[in-house]
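Peer 1: No letters, just coordinates:
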């Protein structure tokens, strides 16, 4: 049984805005085992990214604030570390790749300067060693002519190549965890497939754990072992990937899966979508945050916010209603 | 794909079919971005004129001892004077007393070996030509010292303010506001006048005064640019890989935010020299007889009513000052056009 790498408990993050305090993450708990790939899905603004940024303490503060919770990484609480210590965790042990590769690289520095930065910072290499390693990394992520291309500037790279560079940078210090925050969203479909293949290959080669944040359930299916579904800052369902697709329990998950366009669908059919928009939580909800959009919503759903409960082996969902029967769970 | 072999980098075929653009050694050395800026700078007639003017002034400043050999080599900034009478003497009039050594270029061109007041003399028989030539050095010195100092102060204050934000930012920016409410020339005049008896008559009181009241613009501009760069994704990306705060500021934020401030600084040189001349004209600063354009202009103060006769004592130094300021403004405009991202592709 692989050891526990990251254990996040009851994480809460809020943002102060002129309209009031937004509760972006509300008591989120999850864990990650060594070498595991965890998918985190949910629509925009559901708190996926903020959760991960909170774990790395990268929430801009103010206005953001981590109110409660702990995130123990190899036994140490990331949320209580000194800022110097967490700096050595970032990039070296936990690294992150962002959504938009077009803006994630510094336009005035060469790719080489940027790739060598973490190496010199965390591994203590000198410029020469770092340059050699950077060239290695570039060819590892499939950029030909790597030595020459280190001298190039970001604008001389295409979007897909820049994302490869970002991945190379994230992996440069052999981290135990790679957090990929929608790394394929800004890329076109063929490049998406390439990037996913690349991450898969590197994950298997380097044996790191991956947290893959996305709103594309198709991507998660091919990549993750376990999936967390988030809504309104809550985890509303958690299951092994096959179980989730075969047997979704929460109405929201059902809706998400139903919204996926299918190849075998009738050509003229309208695509399914969940009615309404996700909530912005100015105060912690007393009811189920999904209730206004839920066709199964029962009386209890408007009075109490359900917590995660076991609904099967390794399968948890936060819903009072059994969507198969339409009755309360026993 | 059965064998997902790594690409080998062998793209000779491709290279043969698509000819690469020739990249000159200069472009390789400067990097594509800097090269683009350089090319943009040399594109419009106005910017070329600006660079020519500045180059000319730099030449005059460097070659001052050759163009106008000083009478007193240990104090070359002292304008040689031909007597003490107050009435200006016309251009090309003979040098009667205290004639400095003849410059090497005079004889071959003019075929005589007697030195004349090329641009005439001003009140007190100060030679206008010497004042202008040696005054160029003074202009560059004051311009550069003041601009570099105000630029650095502005950058430091603006960066600290933007980077720490919150209360620090608020306090610093209010101090900036207070400084900005003071009328610039008046404040500089008063401070320089107060400092002069303490430090003695030299360039320093005016320089200090101009620095004290000149840094706010830079602080404001760099602050707002840092605030916008700070929110860009690559700053977050740098934080994610664990880069130190100081390194983020100096390596990632400032290089991306500094260009508009640099443009402002290049425009500022002309401004500073102009203000400095204004202070000199009003009698603040250097000793009487020190080569300085403002000083040369101030000699004309008593002859304003008869300038139809003595026009040369105001036209030549005035024209020099105008060309100097214009040169820097043209260069600054060109810089702004090239560096302003909204103007990209248009120049």
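Peer 2: Looks like it came in fine. No experiment lies behind these values; they were computed from the predicted model shown.
Peer 1: who's in contact with the nearest residue to residue B:41 once chain neighbours are set aside?
Peer 2: Excluding its sequence neighbours, the residue lying closest to residue B:41 (C-beta to C-beta, 6 or more residues apart in numbering or on different chains) is residue B:334, at 5.2 Å. Every residue, glycine included, has its C-beta placed from N, CA and C. Contact analysis of residue B:334 by C-beta atoms under 8 Å, 6 or more residues apart in numbering or on different chains lists B:40, B:41, B:44, B:46, B:47, B:50.
Peer 1: Just confirm the fourth one contacts residue B:332, I think it does.
Peer 2: No: under the criterion of C-beta atoms under 8 Å, residue B:46 lies out of contact with residue B:332, with a separation of 11.1 Å.
Peer 1: re earlier: put together CSV for the contacts of residue B:334, with neighbour count and secondary structure on each row.
Peer 2: Formatted as CSV, the contacts of residue B:334 follow (neighbours: other C-beta atoms under 10 Å in any protein chain shown; DSSP: H, G, I helix; E, B strand; the rest coil):
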residue, neighbour count, secondary structure
B:40, 19, helix
B:41, 19, helix
B:44, 16, coil
B:46, 15, helix
B:47, 21, helix
B:50, 23, helix
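Peer 1: Need the per-residue pLDDT for residue B:344.
Peer 2: pLDDT, residue B:344: 52.
Peer 1: And the longest helix anywhere in chain A, what's buried?
Peer 2: Identified as the longest helix of chain A according to DSSP state H is helix A:189-206. Across helix A:189-206, burial judged by 16 or more other C-beta atoms under 10 Å in any protein chain shown covers A:191, A:192, A:194, A:195, A:196, A:198, A:199, A:202, A:203.
Peer 1: If I look at the residue of the stretch 101-250 of chain A found nearest chain B, what pLDDT would I see?
Peer 2: Relative to chain B, the nearest point of the stretch 101-250 of chain A is residue A:144 (3.6 Å; C-beta to the nearest C-beta). For residue A:144, the pLDDT comes out at 85.
Peer 1: cool, the one 10 residues further on as well?
Peer 2: Confidence at residue A:154, expressed as pLDDT, is 85.
Peer 1: Contacts only, for it.
Peer 2: Contacts of residue A:154 by C-beta under 8 Å, 6+ apart are A:105, A:106, A:107, A:111, A:162, A:165.
Peer 1: How about residue A:116?
Peer 2: A:125, A:127, A:130, A:131, A:133, A:134.
Peer 1: Mind checking which of those residues are in helices?
Peer 2: Those of the contacts of residue A:116 lying in helices (DSSP H): A:127, A:130, A:131, A:133, A:134.
Peer 1: returning to what we had before: any shared contact partners between residue B:46 and residue B:332?
Peer 2: Counting by C-beta under 8 Å, 6+ apart, nothing touches both residue B:46 and residue B:332.
Peer 1: tally of neighbours for residue A:253?
Peer 2: 25 (other C-beta atoms under 10 Å in any protein chain shown).
Peer 1: now residue B:26
Peer 2: 11.
Peer 1: Would you mark the buried spots in the helix or strand that contains it?
Peer 2: Residue B:26 is located in helix B:25-30, with elements delineated by DSSP states H and E. Using 16+ other C-beta under 10 Å as the burial criterion, the residues of helix B:25-30 that qualify are residue B:27.
Peer 1: Summarise which helices and strands it is packed against.
Peer 2: helix B:32-41 (3 or more C-beta pairs under 8 Å, 6 or more residues apart in numbering or on different chains; DSSP states H and E).
Peer 1: Can you point out the buried residues in the helix it packs on?
Peer 2: Buried, per 16+ other C-beta under 10 Å, within helix B:32-41: B:35, B:37, B:40, B:41.
Peer 1: try stretch B:86-104
Peer 2: B:88, B:89, B:91, B:95, B:99, B:100, B:103.
Peer 1: likewise stretch B:43-60?
Peer 2: Within stretch B:43-60, judged by 16+ other C-beta under 10 Å, the buried ones are B:44, B:47, B:49, B:50, B:51, B:53, B:54, B:57, B:60.
Peer 1: got it, and stretch A:30-37?
Peer 2: A:30, A:32, A:33, A:34, A:35, A:36, A:37.
Peer 1: Between all of those, which two are at the greatest distance?
Peer 2: A:30 and A:35 (16.2 Å; C-beta to C-beta).
Peer 1: Return the member of the buried residues of helix A:189-206 nearest to residue A:277.
Peer 2: residue A:192 (26.1 Å).
Peer 1: so who does that closest one touch?
Peer 2: Per C-beta under 8 Å, 6+ apart, neighbours of residue A:192: A:184, A:219.
Peer 1: does residue A:69 count as helix, strand or coil?
Peer 2: Put simply, residue A:69 is strand when judged by DSSP: H, G, I helix; E, B strand; the rest coil.
Peer 1: Contacts only, for the residue lying closest to it once chain neighbours are set aside.
Peer 2: Distance criterion C-beta to C-beta, 6+ apart; nearest residue to residue A:69, sequence neighbours excluded, is residue A:11 at 3.6 Å. Residues counted as contacts of residue A:11 (C-beta under 8 Å, 6+ apart) are A:25, A:27, A:28, A:29, A:51, A:54, A:55, A:66, A:68, A:69, A:70, A:71.
Peer 1: and the residue nearest the centre of chain A, what element?
Peer 2: Nearest to the mean C-alpha position of chain A, by C-alpha atoms, centre = their mean, lies residue A:213 at 2.6 Å. Element membership of residue A:213, judged by DSSP H and E, is strand A:209-214.
Peer 1: what about the helix ranked longest in chain B, distance to the chain center?
Peer 2: Longest helix in chain B, counting residues (DSSP H): helix B:128-164. Helix B:128-164 sits 7 Å away from the centroid of its parent chain (C-alpha atoms, centre = their mean, to the nearest Å).
Peer 1: wait, what's in contact with the nearest residue to residue A:36 once chain neighbours are set aside?
Peer 2: Distance criterion C-beta to C-beta, 6+ apart; nearest residue to residue A:36, sequence neighbours excluded, is residue A:209 at 5.1 Å. Residues near residue A:209 by C-beta under 8 Å, 6+ apart: A:5, A:6, A:32, A:33, A:34, A:35, A:36, A:37, A:38, A:176, A:177, A:178.
Peer 1: how about a cut-off of 6 Å?
Peer 2: Residue A:209 is in contact with A:5, A:32, A:35, A:36, A:177, counting by C-beta atoms under 6 Å, 6 or more residues apart in numbering or on different chains.
Peer 1: where does the stretch 201-330 of chain A dip in pLDDT?
Peer 2: A:330 (pLDDT under 70).
Peer 1: all strands in it, in order from the N-terminus.
Peer 2: Using DSSP state E, counting those that start in this stretch, the strands found in the stretch 201-330 of chain A span residues A:209-214, A:226-231, A:234-240, A:309-312, A:315-317, A:321-322, A:327-328.
Peer 1: Tell me which of those lies nearest to residue A:272.
Peer 2: It's strand A:226-231; of the strands of the stretch 201-330 of chain A, that one is closest to residue A:272 (C-beta to C-beta) at 16.9 Å.
Peer 1: For the stretch 101-250 of chain B, which segments are assigned as helices?
Peer 2: Along the stretch 101-250 of chain B, counting by DSSP state H, counting those that start in this stretch, helices occupy B:106-110, B:128-164, B:166-181, B:184-199, B:204-212, B:216-230, B:233-240, B:245-247.
Peer 1: Good, we can wrap up now.
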